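>>> the following comprises the amino acid sequence and a computationally predicted model.
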Amino acid sequence: MNQFFATCPRGLEALLVSELAEFGAKNIQPTDGGVAFSGDMPVCYQANLESRIATRILWQVGRGRYANEEDLYQAVFKLNWPQWFDVKRDFLVKVTGVKCPLKSLEFATLRIKDAICDRFRQAVGSRPYIDTKEPDVRVHAYLAAEDYQLYIDTSGNPLYQRGLRRASVEAPLRENLAAGIIRLSGWQPGTPLLDPMCGSGTFLLEAAMMALDMAPGSGRHFGFEKLNNFDAAAWEKLRLKVLGRAKPVSFQKIYGSDADLRAVRVSRENLKQAGLLDAVQLSHVDMTEVPAPAESGVLIANPPYGIRIGEDEALAALYPKMAEALKKRFAGWNTYFLTNDMRLPKLMRLSPSKRTPLFNGPLECRLFEIRMVAGSNRREKS
Ligand SMILES: C[S@@+](CC[C@H](N)C(=O)[O-])C[C@H]1O[C@@H](n2cnc3c(N)ncnc32)[C@H](O)[C@@H]1O
């Protein structure tokens, strides 16, 4: 059995644990920002193809103690790199340090790269080239205070790149964070789902793929395809099985709208590119005027971030209007707002039943859950 580490947005580790268990992973151990597990290569293929939450699946090829760059060089040189990838593949080394005692992570990166190249030279008489943009193989080194861990990345490009979304708006969410939020909301396919601030349509795309049982990685390639141990037959068998599960595209009671016509167009284009346009209904309408498409359902929104000057005030003015719209038209709906603006519930004068900390990249956010039960969740005036 191999050891793996799946990375994910912080706050979604528990969801990733459930996914990995479903794929047959063993010894599942969550930590901050990821989950360690063991399994055979097909489990790793399945996690790459089917996980909606993971960012990367890293395959552990070495670990040990170190005190300086020379220790790292020796440890990396000892590993049998030509067994894992061909000298004709180009590669890239990425180093992350947490409480790492070394003065320069750049120098550590250089020494690890040198050790891999020297090992190849010794074994086959030549070395693989470096590619910093689209390498065939990515090697990740994690340097802690006394321990190092070395991984080969089996994903290649990060898994939130589904190979679907092309056009973008300002501040789009990463696909795996959007999928995690949909899961945290408890939404189930068949229940109406509305994103009234849909931007480039990330929630809509992820929900439509879930409803139709479309694997998030069905339209892309993965790093493991470039490794020597790639089992093409096992991969093809798995792909066909998973792709065969997908349902034909039909309307899934998923609704998206935005006040900005450009965003609606971008969402439309992205859904069309993904072949999912028929699963979703789009409209150009302000959130404060959006009609409820059903008596009950799940509303998920990622309001604008107040980053530029003046935007904070604009948002403070928008929240009470949003709350008014929810109270008037969305009684019976469960609503979820992802924002870094902790003032949102107070300014909406609505009490959240849950506040889940999540990180949108480095931005600390909350997912506020506000259940709209007619007349019951107005705040008491203090
Ligand atoms: C942070 S972006 C959402 C990004 C989206 N989740 C994505 O992944 O692309 C916020 C969106 O809210 C929209 N918006 C701002 N004020 C609005 C309003 N009053 N009604 C509806 N949409 C609004 C903006 O046009 C923008 O597309």
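Here it is on my side, so go on. Numbers count the residues shown, from 1 in each chain.
>>> strands along the protein, start to end?
2-7, 26-31, 34-39, 56-65, 91-97, 137-143, 147-153, 193-195, 254-258, 280-284, 297-301, 333-339, 354-360, 363-371 (DSSP state E).
>>> avg pLDDT for the third one?
This points to strand 34-39. Averaging pLDDT along strand 34-39 gives 98.
>>> what is it packed up against?
strand 2-7, helix 13-22, strand 26-31 (3 or more C-beta pairs under 8 Å, 6 or more residues apart in numbering; DSSP states H and E). Yep, even glycine has a C-beta here, placed from its N, CA and C like the rest.
>>> for the ligand, which of these is the nearest?
Nearest to the ligand among these is helix 13-22 (18.3 Å), distances taken as C-beta to the nearest ligand atom.
>>> quick one: Asp86 and the ligand, what's the gap?
38 Å (C-beta to the nearest ligand atom, to the nearest Å).
>>> do the same with Thr109
Distance, Thr109 to the ligand, by C-beta to the nearest ligand atom: 32 Å.
>>> my guess is that residue contacts Val95. True?
Yes - here Thr109 reaches Val95: they are 4.6 Å apart, a contact under C-beta atoms under 8 Å.
>>> quickly list what's touching both of these two.
Ala141 (C-beta atoms under 8 Å, 6 or more residues apart in numbering).
>>> tell me which of these two has more neighbours.
Using other C-beta atoms under 10 Å, the more surrounded residue of Thr109 and Val95 is Val95, with 23 against 18.
>>> so what's the more buried one bridging to?
On the basis of DSSP bridges, Val95 is bridged to Ala141.
>>> contacts only, for it.
Leu105, Ala108, Thr109, Ile112, His140, Ala141, Tyr142, Leu143.
>>> what do you get for Phe251?
Residues in contact with Phe251, defined by C-beta under 8 Å, 6+ apart, are Asp278, Ala279, Val280, Gln281.
>>> find me the pLDDT at it, would you?
At Phe251, pLDDT is 98.
>>> now do Glu170
Note for Glu170: predicted pLDDT of 78.
>>> got the contact list for the closest residue to the ligand within the chain?
Per C-beta to the nearest ligand atom, Gly199 is where the chain lies closest to the ligand, at 2.7 Å. Residues near Gly199 by C-beta under 8 Å, 6+ apart: Val169, Glu170, Ala171, Pro172, Leu173, Asp258, Ala263, Val266, Ser267, Asn302.
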